[in-house]
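Asks: Structure here, sequence nowhere to be found:
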């Protein structure tokens, strides 16, 4: 059987059905990933650790350390899964099955997460000592997070990302990446809205995880009927072994041939490292530090209108900054990268100076200008420089730089920043009729300064790319 040529896409426009699937699976995937990245952490703080005695906490790891380990092990799982399943889906050229069935299983696992409690773990394993129960419950959360990550990486990171690369061109990719970012923020808003209600105690974590898990299941079912394989992707006889394909991206010849792609991946990795220094601890920081600050409480009760005005100004500056940099990126992409990194560093430095509500609002605009522009442009650039006939083979490489390195290194730096600051939060709970005092290490504004230092390293690969000049040549074609 002769190898068939893969023809280029005949149009630079996505069909309405493809746009629907792009937005649907980006939205629902974003909900699932945000749920994991933001609220599994608060689940540890608010449910697992909240009613633990001080002695039990001392007998296991600090919650910030548990978060760091959970994020790191999840990242390792994501990368290994993407290598294996990305290569497998590339050989099969059948993304639909991996996406749809994967989302269904992903949602089912998410929905069961709320059943992980100290009481259930104690009953299942016959434990009675408080520190043992807490330790086992924490590790049960971490292990289930890894299982959930396996399904998410199979369906979203491996298959869906490769499918998007298959159906897009250099012309449509910035539009798709922009849609990804916008839809991603909608997903974040949905999760944070439901999460805020959960944190207030109005609904349980069990219901919270169950409802959002159901959304993921529904998306997978819809995909069985709406997802179509791109016509230009043709099944071909493979002349290389599965294992050769699996390690394809590590070959020195491949790295040399695709040097621009790897430099972009290094830059994106450093950017994501900086983001992961504070992101896993962000909701906990807002809950236990910002909202518990007496000055902020007084502002919220007496000066809410002024906070709203400052917030509106911050959003306006954010939108204006993103629009300006995106217009610049259309003409001079590398220059836009430099400006975006500068904005990110400025915002992080502002956030590191205080836990005041006004400082928080002032730092948000430049931080998220940088974050949004870099996310969009890195995503589009990676797709542009990924060989179209090897999209699945490069998904694992992408995940090393996008997930593994940032989510191992970043949270570890954040954990160090939080513990070295020595900030704690003490609360009292009634458990089985007895008063339990819990003292937890909580995040500190210092983590933003560490994040800014890491973000400054992004300039190094950008300078090399500027000297290389290949990105500009790509844009001119």
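Replies: In hand now; what should we look at? This one's a predicted model, so the numbers in the text were calculated from it and none came from an experiment.

Asks: Quick one: low-confidence residue ranges for the stretch 151-300 of the chain.
Replies: Within the stretch 151-300 of the chain, the stretches with pLDDT under 70 are 231-247.

Asks: got the residue ranges for the helices in it?
Replies: Under the criterion DSSP state H, counting those that start in this stretch, helices of the stretch 151-300 of the chain are mapped to 161-167, 173-199, 205-226, 242-246, 252-257, 259-278, 282-285, 294-302.

Asks: how about the ones you listed, which one is nearest residue 38?
Replies: Nearest of these to residue 38, taken as Cβ to Cβ: helix 282-285 at 5.2 Å. The way it works is simple: take the backbone N, C-alpha and C, and place the C-beta from them, glycine included.

Asks: on that earlier part again, out of the helices of the stretch 151-300 of the chain, which comes closest to residue 99?
Replies: Using Cβ to Cβ, the nearest of the helices of the stretch 151-300 of the chain to residue 99 is helix 205-226, at 5.5 Å.

Asks: counting contacts, what elements does the closest one pack onto?
Replies: Here helix 205-226 touches helix 16-34, helix 95-111, helix 173-199, going by 3 or more Cβ pairs under 8 Å, 6 or more residues apart in numbering; DSSP states H and E.

Asks: what does it contact?
Replies: 17, 20-21, 24-25, 28, 31-32, 35, 39, 43, 46-47, 96, 99-115, 155, 191, 194-195, 197-198 (Cβ atoms under 8 Å, 6 or more residues apart in numbering).

Asks: thinking again about what came up before, including mean neighbour count and distance to residue 459, could the helices and strands packed on helix 205-226 go into JSON lines?
Replies: Compiled in JSON lines, those are given as follows (neighbours: other Cβ atoms under 10 Å; distance: least, Cβ to Cβ, whole Å):
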{"stretch": "helix 16-34", "mean neighbour count": "20", "distance to residue 459": "28"}
{"stretch": "helix 95-111", "mean neighbour count": "23", "distance to residue 459": "36"}
{"stretch": "helix 173-199", "mean neighbour count": "18", "distance to residue 459": "22"}
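
Asks: Could you tell me the angle between the helix or strand residue 360 falls within and helix 259-278?
Replies: Using DSSP states H and E, residue 360 falls within helix 357-385. Interaxial angle of helix 357-385 relative to helix 259-278 (axes from the mean of the first three to the mean of the last three Cα atoms, to 10 degrees): 160 degrees.

Asks: ok, back up a step: let's have the helices of the stretch 151-300 of the chain in CSV, adding distance to residue 384.
Replies: Formatted as CSV, the helices of the stretch 151-300 of the chain follow (distance: least, Cβ to Cβ, whole Å):
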stretch, distance to residue 384
helix 161-167, 10
helix 173-199, 6
helix 205-226, 26
helix 242-246, 22
helix 252-257, 15
helix 259-278, 9
helix 282-285, 31
helix 294-302, 44
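
Asks: With residue 447 as the reference, name the closest of those.
Replies: That would be helix 259-278 among the helices of the stretch 151-300 of the chain, by Cβ to Cβ, at 4.6 Å.

Asks: who does that closest one touch, helix- and strand-wise?
Replies: helix 333-352, helix 357-385, helix 391-399, helix 405-421, helix 446-456, helix 459-468, helix 470-476.

Asks: Worst mean pLDDT among those helices?
Replies: Ranked by mean pLDDT, those bottom out at helix 470-476, with a mean of 57.

Asks: Now do the nearest residue to residue 277 once chain neighbours are set aside against residue 204, distance only.
Replies: Once flanking residues are discounted, residue 277 sits nearest to residue 451: 4.0 Å by Cβ to Cβ, 6 or more residues apart in numbering. Going from residue 451 to residue 204 by Cβ to Cβ, to the nearest Å gives 33 Å.

Asks: Repeat that for residue 360.
Replies: Taken as Cβ to Cβ, the span from residue 360 to residue 204 is 29 Å.

Asks: who's more crowded, those two?
Replies: residue 360 (22 against 12; other Cβ atoms under 10 Å).

Asks: ok, now which ones touch the nearest residue to that one once chain neighbours are set aside?
Replies: Among residues not flanking residue 360 along the chain, residue 290 sits closest, at 6.2 Å (Cβ to Cβ, 6+ apart). Residue 290 is in contact with 296, 355, 357, 360, counting by Cβ under 8 Å, 6+ apart.

Asks: how deep is the residue nearest to residue 299 when sequence neighbours are not counted tucked in, by neighbour count?
Replies: Nearest residue to residue 299, sequence neighbours excluded (Cβ to Cβ, 6+ apart): residue 357, at 5.3 Å. Using other Cβ under 10 Å, residue 357 is surrounded by 22 other residues.
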